[in-house]
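Participant: build me a model:
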Amino acid sequence: MVVRAGREFLAIPGPTNMPDEVLRAMHRPALDIYSDAMVELTDGLLRDLSTLFATKNRSFIYIANGHGAWEAVLSNVMSRGEKVLALESGRFALGWAQAASGMGIEAEMLPGDWRRAVRPEQLEARLRADRTHRIKAVLAVHVDTASGVINDIPAISRAIKQAGHPALLLVDAVASLGCMPFEMDDWGVDVTMTAAQKGLMSPPGLAFVAASDRARDAHRSANLRTPYWDWTLREGPEHYQKYSGTAPVHLLFALRAAIDLLFAETLPHAFRRHSLLGEAVRRAVGAWAEGGVLDFNIADPAERSDTVTTVLMNGADPAELSRYCRDHCGVVLGTGIGEIAGRAFRIAHMGHVNAPMILGTLGAIEMGLRALKIPHGSGGTEAAINYLGDNVKA
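Facilitator: As a prediction, this is how the structure comes out:
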């Protein structure tokens, strides 16, 4: 017997659920890519992306996913044989470092731990030891969707400055932008990249980059620049150069609708919504953990992100729980990846999410724990309800 019907609900950390307004925005004829309307669409999106990044500097739109944006960032500011330092706190800093290595960049990992955030003091010590300034850039991930950690980007930026080191700070904000505060200019970030399919509630296929003046200075001498990724070429006089060819018109329609929804809600309200729903999830997981099988992957509560929660399972199979939730309830959970593959599941609470979506997901998980006789503390969903009831005032 199953109780699933209708639309399947994605509780995975990307692609996330898309609002109906975003889906409807794509259901229209193509736009003349040489028209004034196309230029206005592009100019408005570039302006609003810079607002989301919280930068006065220029943004760029790529037809790519986040991995493509990694390459866009590196190719625009690095030269072959130069060195980057990647800060380990999960799967995605490692992935960015691997992309750098494949491009002919020397990539060093600053060892970390999948159960905690980057330690800025360790970064400062490593940069102080780099007396010849061979490290040209530091690669950091704001929220790692594999581990569920949030890294303190302002503290990482301060560590670079306190070390007296000229390295650029390059940040992956794929799993945080639009969901949690991000202040590119105020935090001293040189390049930020993100993608459309998480907090920006749009289909996969678009990626975005914003660059500081220091990054633009490095760009002038970078020898890894290629025609598709190159910032200078994308600032050419012809509109099509902003996309290095034909514009992804329908993806842009979707993005326009998604950003309009975010701005109508207001960013502070969106950040607060994610904070409340994230804590509701954590209250549920905390209750379940009392059974001795489930546990948070991130040990320090202050380092758990408001967009994804990674849950370890000790002595039980997370795949069995995920199958139950999907096949019997129509809820798709994220799987554990990287070092915790086969030992964890992930609950996404980012983008187009609200209280009934989250409470329904938590209810399906608790139902699965009971049906599969997986030891767990009782009242997880109730703890989430109580938290929201106490904090979402009438």
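Participant: which strand or helix spans G342?
Facilitator: Using DSSP states H and E, G342 sits within no helix or strand.
Participant: and the gap between the residue nearest to it when sequence neighbours are not counted and A299?
Facilitator: Nearest in space to G342, with sequence neighbours left out and distances taken as CB to CB, 6 or more residues apart in numbering, is G336 at 6.3 Å. (Glycine included, C-beta is placed from N, CA and C.) For G336, the distance to A299 (CB to CB, to the nearest Å) stands at 16 Å.
Participant: more neighbours: which of the two?
Facilitator: Neighbours around G336 and A299, counted as other CB atoms under 10 Å, are more numerous at G336. The numbers are 22 against 12.
Participant: so the more buried one versus R128, what's the distance?
Facilitator: Between G336 and R128 the distance, using CB to CB, works out to 36 Å.
Participant: what packs against the longest helix belonging to the chain?
Facilitator: The residue-count maximum for a helix in the chain (DSSP state H) belongs to helix 267-288. Contacting helix 267-288 under the criterion 3 or more CB pairs under 8 Å, 6 or more residues apart in numbering; DSSP states H and E are the following elements: strand 294-296, strand 308-313, helix 355-371, helix 380-391.
Participant: rounded mean pLDDT for it, please.
Facilitator: Average pLDDT, helix 267-288: 98.
Participant: and it, which residues are buried?
Facilitator: If you call a residue buried by 16 or more other CB atoms under 10 Å, then helix 267-288 has these buried ones: 267, 270-271, 273-288.
Participant: quick one: distance of that helix to the chain centre.
Facilitator: How far helix 267-288 lies from its chain's middle: 16 Å, per CA atoms, centre = their mean, to the nearest Å.
Participant: same question for stretch 201-216.
Facilitator: Relative to where its chain is centred, stretch 201-216 has its mean C-alpha point 12 Å off (CA atoms, centre = their mean).
Participant: how about low-confidence regions in this structure?
Facilitator: Along the chain, segments meeting pLDDT under 70 are nowhere present.
Participant: how many neighbours does E303 have?
Facilitator: Residues within reach of E303, counting by other CB under 10 Å, total 19.
Participant: surely it touches I150?
Facilitator: Yes - between E303 and I150 there is a contact at 6.1 Å, judged by CB atoms under 8 Å.
Participant: any residues in contact with both of these two?
Facilitator: Common neighbours of E303 and I150 are listed as A117 (criterion: CB atoms under 8 Å, 6 or more residues apart in numbering).
Participant: quick revisit: just the helices and strands packed on helix 267-288: most buried one?
Facilitator: strand 308-313 (a mean of 25; mean count of other CB atoms under 10 Å).
Participant: partners of that one in the sheet?
Facilitator: Within its sheet, strand 308-313 is paired with strand 294-296 (antiparallel), strand 344-348 (antiparallel), according to DSSP bridges.
Participant: quick one: distance of the helix or strand just after that strand to the chain centre.
Facilitator: Elements were assigned by DSSP H and E; along the chain past strand 308-313, the next helix or strand is helix 318-329. Distance of helix 318-329 from the chain centroid (CA atoms, centre = their mean) equals 25 Å.
Participant: now helix 318-329 against helix 355-371, angle please.
Facilitator: Between the direction of helix 318-329 and that of helix 355-371, the angle (axes from the mean of the first three to the mean of the last three CA atoms, to 10 degrees) works out to 120 degrees.
Participant: what lies in contact with helix 318-329?
Facilitator: Here helix 318-329 makes contact (CB under 8 Å, 6+ apart) with 1-4, 8, 311, 313, 331-333, 335-336, 342-345, 364-365, 367-369, 371-372, 374.
Participant: 7 Å - rerun?
Facilitator: The set of residues external to helix 318-329 that reach it, using CB atoms under 7 Å, 6 or more residues apart in numbering, is 2-4, 331-333, 335-336, 343-345, 364-365, 367-369, 371-372, 374.
Participant: alpha carbons of that helix, as PDB, please.
Facilitator: What follows is helix 318-329, C-alpha atoms only, in PDB (Å, rounded to 0.1, in the frame of the first residue of the first chain):
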ATOM      1  CA  PRO A 318      19.700   5.400   4.400                       C
ATOM      2  CA  ALA A 319      18.900   4.000   1.000                       C
ATOM      3  CA  GLU A 320      16.100   1.900   2.400                       C
ATOM      4  CA  LEU A 321      14.600   5.000   4.100                       C
ATOM      5  CA  SER A 322      14.900   7.000   0.900                       C
ATOM      6  CA  ARG A 323      13.200   4.300  -1.100                       C
ATOM      7  CA  TYR A 324      10.300   4.200   1.400                       C
ATOM      8  CA  CYS A 325       9.800   8.000   1.300                       C
ATOM      9  CA  ARG A 326       9.900   8.100  -2.500                       C
ATOM     10  CA  ASP A 327       7.900   5.000  -3.400                       C
ATOM     11  CA  HIS A 328       5.300   5.100  -0.600                       C
ATOM     12  CA  CYS A 329       5.000   8.900   0.100                       C
END
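Participant: beyond it, next helix or strand please.
Facilitator: Next helix or strand after helix 318-329 toward the C-terminus (DSSP H and E): strand 331-335.
Participant: please name the strands paired to that following strand in the sheet, noting orientation.
Facilitator: Partner strands for strand 331-335, per DSSP bridges, with pairing direction: strand 9-11 (parallel), strand 344-348 (antiparallel).
Participant: next one: the shortest one to chain centre, how far?
Facilitator: What separates the centre of strand 9-11 from the centre of its chain is 17 Å, taken as CA atoms, centre = their mean.
Participant: what do you get for the last one?
Facilitator: The gap between where strand 344-348 is centred and where its chain is centred comes out at 14 Å by CA atoms, centre = their mean.
Participant: ranking the strands paired with strand 331-335 by burial, who's on top?
Facilitator: Using mean count of other CB under 10 Å, the stretch among the strands paired with strand 331-335 with the greatest mean number of neighbours is strand 344-348 (a mean of 25).
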